[in-house]
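S.K.: Quick one, structure for this:
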Amino acid sequence: MSERRLKHWGWGYEDQAPSEAELKEAAKGINERFGFGGDPERAVPLDAVEVRAPRLKKPSGFGDLFTDGKYERVSRALGKAYRDVVRGFRGEFENPPDLVALPRDESEIEVVLSWAESEGAAVIPFGGGTSVVGGVEGRLGERPFVSLDLRRLDRVLEVDAESMAARIQAGATGPRLEEQLREHGLTLRHFPQSFEYSTLGGWIATRAGGHFATLYTHVDDLVESVRAITPRGLWENRRLPGSGAGPSPDRALIGSEGTLAVIGEAWMRVRPRPEYKVSCGVEFDDFLAAAAAVREISQSGLYPSNCRLLDALEAGTTGAGSGEKSLLVLGFESAHHPVDAPMDQALAIAQNHGGTPNPPPTGRKVAAEATNSPVGGGVGAWRAAFLLAPYLRDTFVACGVLSETFETAITWDRFEDFHATAIDAARRKVAEVCNAPADGPGAPRVTCRFTHVYPDGPAPYFTVMAPAARGGEVEQWDEIKAAASEAVIEGGGTITHHHAVGRDHRPWYDRQRPAPFAAALRSAKRELDPAAVLNPGVLIDP
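M.R.: Presented below is the predicted three-dimensional model:
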């Protein structure tokens, strides 16, 4: 039996691709629901993809550490942003890695870095390949490069049950590490939308946002210490619950996006699997009133595990609501005690701002193995849509629908004006480049939801859906992306809350960061990686 393979161009496995009949049915449904979209097209098969010859000769004497196979190179050439999926769908892989390296341990990572430096080649660390910001694409001109795939380093190496921590290799995907932690009755409880395929090392390198909408929002909050390999030696911080000893070595690696070191493993803070859960959807007639409720909840100290607000159009698009009311998805969980009381307090706050619980909260004590059991109503519909979204994007591309997102964070005092400006800028640019009406049937959709919230502000996440110009989708999105990014930066937001910088966000990240910090980062890069082997062009130039 042949090994199950991931798609060479889109989301998921090859055997998950919809049939021609399913695509036709999807195209019909999309057009009826949104008023745009066309007849489905089929992706260019791998055997029809033309890919340049490797510019590096596979070295001998290293067993199966290196490969120059077509599938291996093509499947690691792009990330999973809309513009990546479109190019992969059309068989356009301009920047494939010359070789793919698959190390089994740290010594083989060192071999790859040393060999690449001797050849004048670059190395791009690769986890699940789910980057949506160009973080794994080698746009390096004539310089050859190696994709360093860490998927063989996928084990939970050690569990410290007394300190509630686990030592986990960087190549472990979300399901793989959770499977191993479950044997100990533990969980990391970090579930980004890319959970199925992304890896621990990728989460740390990109400061990924996860399951908890408040308090433990980023993977940063779960890292105890990191062990990494640089071109000039091992980087391992002392394992401690906290330290005030100067700038944190771990924090320097968290968010470094593969530019300073290759993350090999990390000690992570884990927790018992939750036994008590309660969830509820709350509907609002007014989005800003709902935002005010979320602000009060975020400042109350209740710390719900889920506190995600969807505007009316987002709720309708995902099937979580009718499209006439905004929806707040609230949830609490605990491994130790019932959580009905904090839910009641949060609902009281929401109702004071005009919210209506619909349906009433569903609380339960759940068996350890069933902690991800389905939830009904709008909450369940939203959760299902959230998990399916990356798969549906492949279908949207096939059916001529432009679908992508941009996300940020802003303080509460600036949110109302910021939200209005960002929505307006995106809608106007989308209508312009898609040659679509600004309102009415066939008009582009620009929606907003909160993915995470803090006492001092929310993390708004905007989704764009519009008719695509077949053959010109990348150019369309580049214009929309630029307009949205300008609105975000000019409005005082961050260019990214949890999607990372990569290559796509570099122009705006350069404007966001302080100049002295950029100089310090370049100095660190020169010291750790003087030949600029690691992911050049991301975050900083050498």
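
S.K.: which phi and psi does the residue nearest to residue 76 when sequence neighbours are not counted have?
M.R.: Spatial nearest neighbour of residue 76, excluding adjacent residues (Cβ to Cβ, 6 or more residues apart in numbering): residue 147 at 4.3 Å. Every residue, glycine included, has its C-beta placed from N, CA and C. Main-chain dihedrals, residue 147, degrees, to the nearest 10: phi -90, psi 120.

S.K.: pLDDT score assigned to residue 147?
M.R.: Listed pLDDT for residue 147 reads 98.

S.K.: just checking, it touches residue 126?
M.R.: Yes - using Cβ atoms under 8 Å, residue 147 is in contact with residue 126, at 4.9 Å.

S.K.: what do those two both touch?
M.R.: 76, 136 (Cβ atoms under 8 Å, 6 or more residues apart in numbering).

S.K.: one step back: just give me the neighbour total for the residue nearest to residue 76.
M.R.: Neighbours of residue 147 under the rule other Cβ atoms under 10 Å: 26.

S.K.: Make 16 the starting number, not 1.
M.R.: Yep, numbering from 16; the last one is residue 162 now.

S.K.: residues touching it, list them.
M.R.: 88, 91, 112, 114-116, 139, 141, 151, 153.

S.K.: of all those residues, which two lie farthest apart?
M.R.: Farthest-apart pair in those is 114 and 151; separation 14.6 Å (Cβ to Cβ).

S.K.: so what's residue 527 closest to, chain neighbours aside?
M.R.: Nearest residue to residue 527, sequence neighbours excluded (Cβ to Cβ, 6+ apart): residue 510, at 5.6 Å.

S.K.: Could I get the contacting residues of that neighbour?
M.R.: Residue 510 sits in contact with 423, 500, 503-504, 516, 520, 523-524, 527, where contact means Cβ under 8 Å, 6+ apart.

S.K.: ok, of these, which come out buried?
M.R.: Among the contacts of residue 510, those buried by neighbour count (16 or more other Cβ atoms under 10 Å) are 423, 500, 503-504, 516, 520, 523-524.

S.K.: could these be laid out in JSON lines, adding pLDDT?
M.R.: JSON lines is the format used below for the buried ones among the contacts of residue 510 (pLDDT from 0 to 100):
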{"residue": "423", "pLDDT": "98"}
{"residue": "500", "pLDDT": "97"}
{"residue": "503", "pLDDT": "97"}
{"residue": "504", "pLDDT": "97"}
{"residue": "516", "pLDDT": "98"}
{"residue": "520", "pLDDT": "98"}
{"residue": "523", "pLDDT": "98"}
{"residue": "524", "pLDDT": "98"}
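
S.K.: Just the ones of those in helices?
M.R.: Counted as lying in helices by DSSP state H, out of those, are 500, 503-504, 523-524.

S.K.: where does this protein have low pLDDT?
M.R.: Low-confidence segments of the chain (pLDDT under 70): 16-17, 377-392, 397, 400-402.

S.K.: Any figure for the gap between the residue nearest to residue 91 and residue 108?
M.R.: 12 Å (Cβ to Cβ, to the nearest Å).

S.K.: Between the two ends of stretch 415-435, how far is it?
M.R.: 28 Å (Cα to Cα, to the nearest Å).

S.K.: no no, stretch 446-454
M.R.: 9 Å.

S.K.: before we move on, what about stretch 232-252?
M.R.: Where stretch 232-252 begins and where it ends lie 23 Å apart, using Cα to Cα.

S.K.: Now find how far off-centre that stretch is within its chain.
M.R.: Here stretch 232-252 is found 19 Å from its chain centre; the criterion is Cα atoms, centre = their mean, to the nearest Å.

S.K.: ok, now stretch 327-346?
M.R.: The answer for stretch 327-346 is 22 Å, by Cα atoms, centre = their mean.

S.K.: Check which helices and strands the helix or strand hosting residue 411 sits against.
M.R.: Assessed by DSSP states H and E, residue 411 sits inside helix 392-413. The contact analysis (3 or more Cβ pairs under 8 Å, 6 or more residues apart in numbering; DSSP states H and E) places helix 392-413 against helix 35-49, helix 97-104, strand 291-299, helix 327-333, strand 341-349, strand 416-422.

S.K.: any residues touching the helix or strand just after the third one, and which ones?
M.R.: Beyond strand 291-299 in the direction of the C-terminus, DSSP H and E gives the next helix or strand as helix 302-313. If you take Cβ under 8 Å, 6+ apart as the criterion, helix 302-313 is touched by 229, 297, 299, 319, 322, 324, 326-327, 341, 343, 345, 361, 364-365, 367-370, 427, 430-431, 434, 463, 465, 468-470, 473.

S.K.: Switch the helices and strands packed on helix 392-413 over to CSV; also include distance to residue 248.
M.R.: Listed next are the helices and strands packed on helix 392-413 as CSV, based on distance: least, Cβ to Cβ, whole Å:
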stretch, distance to residue 248
helix 35-49, 51
helix 97-104, 34
strand 291-299, 45
helix 327-333, 47
strand 341-349, 42
strand 416-422, 36
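
S.K.: Format these as JSON lines; extra columns: mean neighbour count and distance to residue 64.
M.R.: JSON lines is the format used below for the helices and strands packed on helix 392-413 (neighbours: other Cβ atoms under 10 Å; distance: least, Cβ to Cβ, whole Å):
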{"stretch": "helix 35-49", "mean neighbour count": "15", "distance to residue 64": "20"}
{"stretch": "helix 97-104", "mean neighbour count": "23", "distance to residue 64": "9"}
{"stretch": "strand 291-299", "mean neighbour count": "24", "distance to residue 64": "44"}
{"stretch": "helix 327-333", "mean neighbour count": "22", "distance to residue 64": "33"}
{"stretch": "strand 341-349", "mean neighbour count": "26", "distance to residue 64": "40"}
{"stretch": "strand 416-422", "mean neighbour count": "23", "distance to residue 64": "23"}
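
S.K.: Can you verify residue 140 is assigned to a strand?
M.R.: Yes - assigned with DSSP: H, G, I helix; E, B strand; the rest coil, residue 140 falls within a strand.

S.K.: okay but it is in contact with residue 279, surely?
M.R.: No - with contact defined as Cβ under 8 Å, residue 140 does not count as touching residue 279 (10.3 Å).

S.K.: Show me whatever sits in contact with both of the two.
M.R.: residue 216.

S.K.: separation between residue 141 and residue 85?
M.R.: Separation of residue 141 from residue 85 (Cβ to Cβ) stands at 17 Å.

S.K.: the more surrounded of these two?
M.R.: Using other Cβ under 10 Å, the more surrounded residue of residue 141 and residue 85 is residue 141, with 27 against 14.

S.K.: OK, contacts around the more buried one?
M.R.: Contacts of residue 141 by Cβ under 8 Å, 6+ apart are 91, 151, 162-165.

S.K.: Just those: which are in helices?
M.R.: Counting by DSSP H, the contacts of residue 141 contribute nothing to helices.

S.K.: Among the residues you listed, which one is most surrounded by other residues?
M.R.: Busiest of the contacts of residue 141 [other Cβ under 10 Å] is residue 151, holding 29 neighbours.

S.K.: could you list every residue that touches that residue?
M.R.: For residue 151, the contacting residues are 91, 93-94, 139, 141, 144, 162, by Cβ under 8 Å, 6+ apart.

S.K.: swap the cut-off to 10 Å and go again
M.R.: When contacts are counted by Cβ atoms under 10 Å, 6 or more residues apart in numbering, residue 151 touches 91-95, 99, 112, 139-145, 162, 164, 217, 272-273, 517-518, 550, 553.

S.K.: Residue 480 too?
M.R.: Applying Cβ under 10 Å, 6+ apart, the residues near residue 480 are 45, 49, 51-52, 328, 332, 411, 416-419, 445, 459-462.

S.K.: Quick check: it vs residue 433, distance?
M.R.: Going from residue 480 to residue 433 by Cβ to Cβ gives 21 Å.

S.K.: Now the buried members of the contacts of residue 151.
M.R.: Applying 16+ other Cβ under 10 Å to those, the neighbour count classes 91-95, 99, 112, 139-145, 162, 164, 217, 272-273, 517-518, 550, 553 as buried.
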